[in-house]
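Engineer: the sequence and its predicted three-dimensional model are supplied below.
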Amino acid sequence: MLLSNSPADTGQLLAPSRRTRFPTPCPRADATPAATAQAEAAVLPGGLRAESLPRHVAVVMDGNARWARARGLPSAAGHEAGRRALEEMVRLSRAWGVGTLTAFAFSHENWSRPKVEVDFLMRLFERVIQDSVAEFLRCAVPLLFTSREGIRLRVIGDTSRLPVSLQKTAKEAEEATRDNSQLDLTLAISYSGRRDIVQACRKLAEKVQSKQLRPEDIDESLFADELETSPAGEFPYPDLLIRTSGELRLSNFLLWQSAYSELFFTDTLWPDFGEADYLEALVSFQSRDRRFGVRKS
């Protein structure tokens, strides 16, 4: 489901996770903004315009188990294939200039799945985060990326429910990549849009109770600052939200944040979602007239 350089053998996926010492981030290289922009424009496929790309793409990665069942494979094989699909989407996002990617990896409701599947996914998440960070920090990136550092990784959701080792790995990865600026990658694990809204309300209520705020001071901006995706307003709302596998719903993902997101639904199962599918979604986004409720004369 996530990112890794490991082989696709499902037996290996079930192996215990290993501790990784995260490397030091690469030093930032110098490059003129004009040269960087020219290099980025050169790699855009036909039909895409750099000036109207979404700043933030969110994706509901759905269909791993169905993909595996259709091939007579265990669900673990579907999750591994889905991991490779996300790896490709991360590669394309940073190559094409998408600044933020948020991926729905595991919902709050997914805890009701069979324990063996949940335990497998938790081990997979931990190992994948470990394996990915070294790639995010490596210096050997293409020339067009040399003006910026690697990928910054964040994990959002009810992390208190995650295994302690996964919590520790996620915190270490966030710390190791916190100064990177090439792409912001957020993994939503044990995430619930409703819970995100409730916890934001609680934080604001506590500030009112402690006299830090008056109720009348609360506006959309202050509320958004308390959401998990928007620490101090750092991350933009999703411009484009993609859902795979033919399902036509948000499934409790980024409910507040997606109020004005453009939605793109595809019948493609997540493990099969590749460059052509991503390009189709981005071209569709660029063809839309985003009015945000304002009538244009």
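Structural biologist: Here it is on my side, so go on. Numbering: from 1, shown residues only.

Engineer: what about L282, which helix or strand?
Structural biologist: Under the criterion DSSP states H and E, the helix or strand holding L282 is helix 275-286.

Engineer: and that helix, how far from the chain's centre?
Structural biologist: 17 Å (CA atoms, centre = their mean, to the nearest Å).

Engineer: ok, residues contacting that helix?
Structural biologist: Here helix 275-286 makes contact (CB atoms under 8 Å, 6 or more residues apart in numbering) with 45, 47-49, 52-54, 88-89, 92, 96, 239-240, 242, 262, 264, 266, 268. For the C-beta atoms, the positions are set from N, CA and C on the backbone; glycine is no exception.

Engineer: and if you look at stretch 213-224?
Structural biologist: Counting by CB under 8 Å, 6+ apart, residues outside stretch 213-224 touching it are 200, 204, 207-208, 230, 233, 256-257.

Engineer: can you map out the helices along the chain?
Structural biologist: Secondary structure of the chain (DSSP state H): helices at 10-13, 33-43, 64-70, 75-96, 115-137, 164-177, 193-209, 220-225, 275-286.

Engineer: could you check the angle the fourth one makes with helix 275-286?
Structural biologist: Pointing back at helix 75-96 there. 50 degrees (axes from the mean of the first three to the mean of the last three CA atoms, to 10 degrees).

Engineer: for helix 75-96, buried residues please.
Structural biologist: 75-87, 89-90, 92-96 (16 or more other CB atoms under 10 Å).

Engineer: neighbours of the closest residue to T159 other than its chain neighbours, how many?
Structural biologist: Excluding the flanking residues, the one nearest T159 by CB to CB, 6 or more residues apart in numbering is Q167, at 5.5 Å. Q167 sits with 15 neighbouring residues when counted by other CB atoms under 10 Å.

Engineer: separation between Q167 and N64?
Structural biologist: 24 Å (CB to CB, to the nearest Å).

Engineer: burial of R290, as a residue count?
Structural biologist: Count around R290 with other CB under 10 Å applied: 11.

Engineer: ok, the nearest residue to it once chain neighbours are set aside - contacts?
Structural biologist: Nearest non-adjacent residue to R290, counting by CB to CB, 6+ apart: E262, 6.9 Å away. The contact partners of E262, by CB under 8 Å, 6+ apart, come to 54, 239-241, 284-285, 288, 290.

Engineer: right, I'll call it a day here.
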